[in-house]
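> How does the following fold in three dimensions:
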Amino acid sequence: MGSVAVGAMVVGTSLLVVFALAMATLEAQVDDSIAQIEASAEPITQFTIENANNVEGAVVSFTINNGGTGYSAGQVEVNGSAGSFLADLVISGGTVTGLNILDHGSSYLYASSYFLEVTGPNTGSNLNISATLGNLVYLNVTNDGSTDLATDFSWLFSDGGSPLNLSDGHDGYQPTIIFPGETFQFYYDSGAQATVSRLAITIDGQTKATSVL
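Numbering: from 1, shown residues only. Presented below is the predicted three-dimensional model:
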């Protein structure tokens, strides 16, 4: 009888171990299933590239060769041109130290050398600013989903080239959040005089592509 009882105890203990392992496996499977259901229930990132356009012959940068003296608040434009470039003077002690560009202009001839000159009367003298022409790409991205989109985690690819972060446009690093229903305006220098034919944007694993006009 003693050996039978011991045998029954061993069998019972083995069954308990098997049952415990089975329950642990079942709990792990249930937890994994719940995680998958919750993941699938998360909103998917949705956005639209509204438009993308090349702007050739734009003023993409400038060099202040001589800040001059005696200047007051005013604006500069491209010399001898009816183009749309326009910028406000940044002045310190009567000397021009920078520009706040309001309009980069377009269609200026690459073969020509351009300088910027003050519009209207100004008491300053000897200002000399040269302009560099190139191609700018402008685009609008609309958040069509229900979640916020961070530009720090959004990437743009031009004609298969190196990625450009949407926080780092032509005006420098300016991170922002694109809220649901909001349209984000972005522009960048495509490099030299080259135009872009196609671009793609990747945000949170979703990628959209479009032609550039």
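
> Now find how far off-centre whichever strand in the chain runs longest is within its chain.
For the chain, the strand with the greatest residue count under DSSP state E is strand 47-66. Distance, stretch centre to chain centre, for strand 47-66: 15 Å (Cα atoms, centre = their mean, to the nearest Å).

> cool, stretch 126-137 as well?
Using Cα atoms, centre = their mean, the distance from the centre of stretch 126-137 to the centre of the chain it belongs to is 24 Å.

> what does the average pLDDT come to for that stretch?
Mean pLDDT, stretch 126-137: 95.

> mind listing what's buried in that stretch?
Using 16 or more other Cβ atoms under 10 Å as the test for burial, stretch 126-137 gives L127, I129, A131, L133, G134, N135, L136, V137. The way it works is simple: take the backbone N, C-alpha and C, and place the C-beta from them, glycine included.

> May I see the buried residues of the longest strand of the chain?
The neighbour-count criterion (16+ other Cβ under 10 Å) identifies F47, I49, A52, N54, V55, E56, G57, A58, V59, V60, F62, I64 as the buried residues of strand 47-66.

> what's that strand packed up against?
strand 95-103, strand 128-143, strand 183-189, strand 198-203, strand 206-211 (3 or more Cβ pairs under 8 Å, 6 or more residues apart in numbering; DSSP states H and E).

> Can you mark which positions in the third one are buried?
So that's strand 183-189. Taking 16+ other Cβ under 10 Å as the basis for neighbour counts, the residues of strand 183-189 that come out buried are F184, F186, Y187, Y188, D189.

> Run through the bridge partners of the fourth one.
Read it as Y188. According to DSSP bridges, the residues that bridge with Y188 are V137.

> for this protein, what are the low-confidence residue spans?
Residue ranges of the chain with pLDDT under 70: 1-28, 30-31, 33-41.

> center of it - which residue?
Computing the C-alpha centroid of the chain and ranking residues by Cα atoms, centre = their mean puts L166 first, at 0.6 Å.

> And the helix or strand that E117 is a member of, what does it pack against?
Secondary-structure assignment from DSSP states H and E places E117 in strand 114-118. With contacts defined as 3+ Cβ pairs under 8 Å, 6+ apart, strand 114-118 has these neighbours: strand 75-78, strand 128-143.
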